[in-house]
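Chemist: below are the sequence and a predicted model for it; my questions follow.
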Amino acid sequence: MENLVKTEFNVPTREEVSATNQEIFDALNKALGFVPNLYATIAYSDNGLKRYLDFQNAKTSLSNKEKEAVNLVVSQVNGCVYCLSAHTVLGKMNGFTDEQLLDFRRSKSENAKINALVKLAADLTENRGKASADNVEDFFAHGYTKENLVDLILQISDKTAMNYLHNLTKVPVDFPIASVL
């Protein structure tokens with residue numbers, strides 16, 4: 001389905017956001033060297049950016065590598081070029097090779113445990129929270145727990161929110177563009 005939204009979404013500048021978001025922009029600039037366009041877009045909401053960053057940075061039972069694998073497969077399923085691009089960069093920072101990153105996007109991994117994770121993440125995303133019993137049981141058979149399952153669903157919701165925001169607003173991607181599968 002084509003995006004037929006007529007409203008244009010510019011990336012808000014520091015001067016165009018609330019004082020609270022200006023402080024967050026300053027912290028992001030200090031930590032990352034820039035404010036990613038999608039984060040800046042969240043700042044259209046006076047409370048959204050803080051709320052999102054708190055959620056995104058909350059403790060989880062998933063490792064950073066597992067989170068990046070999930071972020072990539074979910075973004076692939078949801079067709080979000082922004083998040084695919086950003087998480088390709090972050091995946092490389094977490095030590096993954098280009099081929100491993102592409103495999104995650106294809107819902108697979110040579111690592112059996114990560115394979116079970118990305119298969120279930122893709123299934124949950126594609127089927128809006130409903131997954132095959134086989135994928136759920138495979139997830140548990142590879143050592144994941146009910147805590148991990150809850151954290152997986154929360155990770156999917158985090159990434160889906162960002163995917164939806166970009167898919168609707170189409171703000172410019174400020175990362176090297178991820179390859180097309």
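Modeler: Ah, there it is.
Chemist: how does this protein divide into domains?
Modeler: For the chain, automatic domain parsing gives the domain ranges 14-56, 64-169.
Chemist: so which of those domains is the most surrounded?
Modeler: Across these, the average number of neighbours (mean count of other CB atoms under 10 Å) peaks for domain 64-169, which reaches a mean of 19. For every residue, glycine as well, the C-beta is placed using N, CA and C.
Chemist: what is the burial count for the residue nearest to N10 when sequence neighbours are not counted?
Modeler: In space, and not counting its chain neighbours, N10 is closest to V171: 7.8 Å by CB to CB, 6 or more residues apart in numbering. Neighbours of V171 under the rule other CB atoms under 10 Å: 19.
Chemist: now do the same contact list for V171.
Modeler: F9, N10, V11, N37, L38, A40, T41, Y82 (CB atoms under 8 Å, 6 or more residues apart in numbering).
Chemist: which one of those is nearest A121?
Modeler: Comparing those against A121 with CB to CB places Y82 closest, at 18.4 Å.
Chemist: tell me how far that closest one lies from A178.
Modeler: To A178, Y82 is 9 Å away according to CB to CB, to the nearest Å.
Chemist: still on that earlier bit, most widely separated two among the contacts of V171?
Modeler: Using CB to CB, the contacts of V171 reach their maximum pairwise distance at N10 and Y82, which is 15.1 Å.
Chemist: rewinding a little: how about the residue nearest to N10, phi and psi?
Modeler: Taking degrees, to the nearest 10, you get phi -60, psi 150 for the backbone angles of V171.
Chemist: what about the spatially most central residue of the chain, distance to F9?
Modeler: Residue closest to the average C-alpha location in the chain (CA atoms, centre = their mean): K159, at 3.3 Å. Look at K159 and F9: by CB to CB, they are 19 Å apart.
Chemist: measure stretch 101-119 end to end?
Modeler: 14 Å (CA to CA, to the nearest Å).
Chemist: now swap in stretch 50-70 and tell me
Modeler: Start to finish, the residues bounding stretch 50-70 are 22 Å apart (CA to CA).
Chemist: hang on, isn't K50 packed against I24?
Modeler: Yes - using CB atoms under 8 Å, K50 makes contact with I24 at a distance of 6.2 Å.
Chemist: low pLDDT regions in the chain?
Modeler: Scanning the chain for pLDDT under 70 picks out the ranges 1-4.
Chemist: longest helix in it, please.
Modeler: helix 146-169 (DSSP state H).
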